[in-house]
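>>> model this:
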Amino acid sequence: LAQVSSWWSNPNISGWILSYLIFGVTYLALTGRSGMSRQNGKAQAIKLAGLVVLTGSAIAMGWFSQSGLSAMLMLVIAVVLPWQLPVNAGLVWMLAQNLMLTPIIANYMGWTLMTAFLQVCMFLGISALTFFTSMVASQQTEARDAQRRLNSKLRATRALLAESSRIAERMRIARDLHDLIGHHLTALSLNLEVASHLTNEAASAHVRKAQSTAKLLLADVREVVSELRQDDSIDLTQALRSLTDGVPGLNVHVVMPPRFSVEDPQRAQVLLRCAQ
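Here you go, the predicted model:
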């Protein structure tokens, strides 16, 4: 306990420990699942403040420890910058934070500012390599996310087109049954009605039986046509699920009935685009 108390009484050790803890906590916050994606507004301002704290704590560690620890931590910050800032802003930030190391290195090494600046330039080259490597990884991640979003849109549109094609095919079948088969069955029934009055008694029973069968068949056709026309609404269930399944970085919860039907095709398209 006495040794720990003596450590904390030394401002260099206590300052180094506090700076180290602040750097670690801030780094974990910025590199979390929600922190690695660029956002706008308030979230972006919070991230910018986090970068300020990250850089400040790294410089403070170098000041309190009187070592090159800050230069190594600048490499860590260079990895984070492409995920938080645009490329140009990240480059300016990386250049500025490395230049701030010049007076610190000159102080604890006893060098002139020019000599310390040359040392910083060497650190800056390594940081630039780290920055561009992380930038490529960030761009590839964004490209994959954009591709996933595009694929989800294509799947949703394909599901909507398939549903529209199914309804169009059902309507075509219903129209053919009504206009073609229904017309011929009606004509057949009328001809059998006429034949029943022109034939003898022995043949008339068979004609009436055929006429009854034709009427039953016509009634069945009309019932099938009615059922086909009743189910002429577009089912958006599969289209909406295909749309939400491919959203990267979000947990989307969709609550809908087992069959979410919309009768108007244009309204179904608008609903799908609104959800998109």
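
>>> can you tell me the SS state at Val254?
What DSSP: H, G, I helix; E, B strand; the rest coil gives for Val254 is coil.

>>> now do Gln44
Assigned by three-state DSSP, the conformation of Gln44 is helix.

>>> start at 44 instead
Got it, first residue is 44 now, which makes that one Gln87.

>>> Thr74 contacts Val123, doesn't it?
Yes. Here Thr74 reaches Val123: they are 6.3 Å apart, a contact under C-beta atoms under 8 Å. To be clear about C-beta, it is placed using only N, CA and C from the backbone, and glycine gets the same treatment.

>>> show me which of the two is the more surrounded one.
Set Thr74 next to Val123 and count neighbours by other C-beta atoms under 10 Å: Val123 wins out with 22 against 14.

>>> without its sequence neighbours, what residue ends up closest to the more buried one?
Nearest residue to Val123, sequence neighbours excluded (C-beta to C-beta, 6 or more residues apart in numbering): Leu73, at 5.7 Å.

>>> okay, that neighbour and Arg192: tell me how far apart.
24 Å (C-beta to C-beta, to the nearest Å).

>>> for the two, indicate the residue with more neighbours.
Using other C-beta under 10 Å as the criterion, Leu73 and Arg192 rank with Leu73 on top: 21 against 15.

>>> you'd agree the more buried one is up against Leu97?
Yes. Using C-beta under 8 Å, Leu73 makes contact with Leu97 at a distance of 6.8 Å.

>>> one step back: now for the residue nearest to Val123: which residues touch it?
Neighbouring residues of Leu73 by C-beta atoms under 8 Å, 6 or more residues apart in numbering: 79, 90, 93-94, 97, 123, 127.

>>> show me which of these are buried.
Buried residues within the contacts of Leu73, defined by neighbour count using 16 or more other C-beta atoms under 10 Å: 90, 93-94, 97, 123, 127.

>>> which residues in the stretch 144-293 of the chain form strands?
Assigned by DSSP state E, counting those that start in this stretch, the stretch 144-293 of the chain shows strands spanning 277-278.

>>> low-confidence ranges in it?
Counting by pLDDT under 70, the ranges of the stretch 144-293 of the chain that qualify are 206, 213, 221, 223, 242-243, 245, 268-277, 289-292.

>>> ok, back up a step: between which two of the contacts of Leu73 is the distance greatest?
Based on C-beta to C-beta, the longest span within those runs between Met79 and Leu97 and measures 14.1 Å.

>>> residues near Leu315, how many?
Neighbours of Leu315 (other C-beta under 10 Å): 21.

>>> likewise Ser113?
26.

>>> quick one: contacts for the residue nearest to it when sequence neighbours are not counted?
Of all residues not flanking Ser113 in the chain, Gly105 sits nearest, at 2.8 Å (C-beta to C-beta, 6+ apart). Taking C-beta under 8 Å, 6+ apart, we find Gly105 in contact with 111-114, 116, 144, 147.

>>> now render the residues you listed as a markdown table, adding secondary structure and distance to Leu293.
Formatted as a markdown table, the contacts of Gly105 follow (DSSP: H, G, I helix; E, B strand; the rest coil; distance: C-beta to C-beta, whole Å):
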| residue | secondary structure | distance to Leu293 |
| --- | --- | --- |
| Gly111 | coil | 42 |
| Leu112 | helix | 38 |
| Ser113 | helix | 37 |
| Ala114 | helix | 38 |
| Leu116 | helix | 32 |
| Leu144 | helix | 39 |
| Ile147 | helix | 42 |
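
>>> which of the residues you listed sit farthest apart?
The two members of those with the most space between them (C-beta to C-beta) are Leu116 and Ile147, at 12.0 Å.

>>> and the residue nearest to Ser113, what pLDDT?
For Gly105, the pLDDT comes out at 85.

>>> gap between it and Phe166?
Separation of Gly105 from Phe166 (C-beta to C-beta): 11 Å.

>>> shared neighbours of the two, which are they?
Contact with both Gly105 and Phe166 is made by residues 114, 144, according to C-beta under 8 Å, 6+ apart.

>>> out of the contacts of Gly105, who's nearest Pro301?
Leu116 (55.1 Å).

>>> and the spatially closest residue to that closest one that is not a sequence neighbour, what does it touch?
Nearest non-adjacent residue to Leu116, counting by C-beta to C-beta, 6+ apart: Ala101, 3.9 Å away. Contact partners of Ala101, counting by C-beta under 8 Å, 6+ apart, are 62, 66, 113, 116-117, 119-120, 140.

>>> before I go, just wanted to say thanks for your time.
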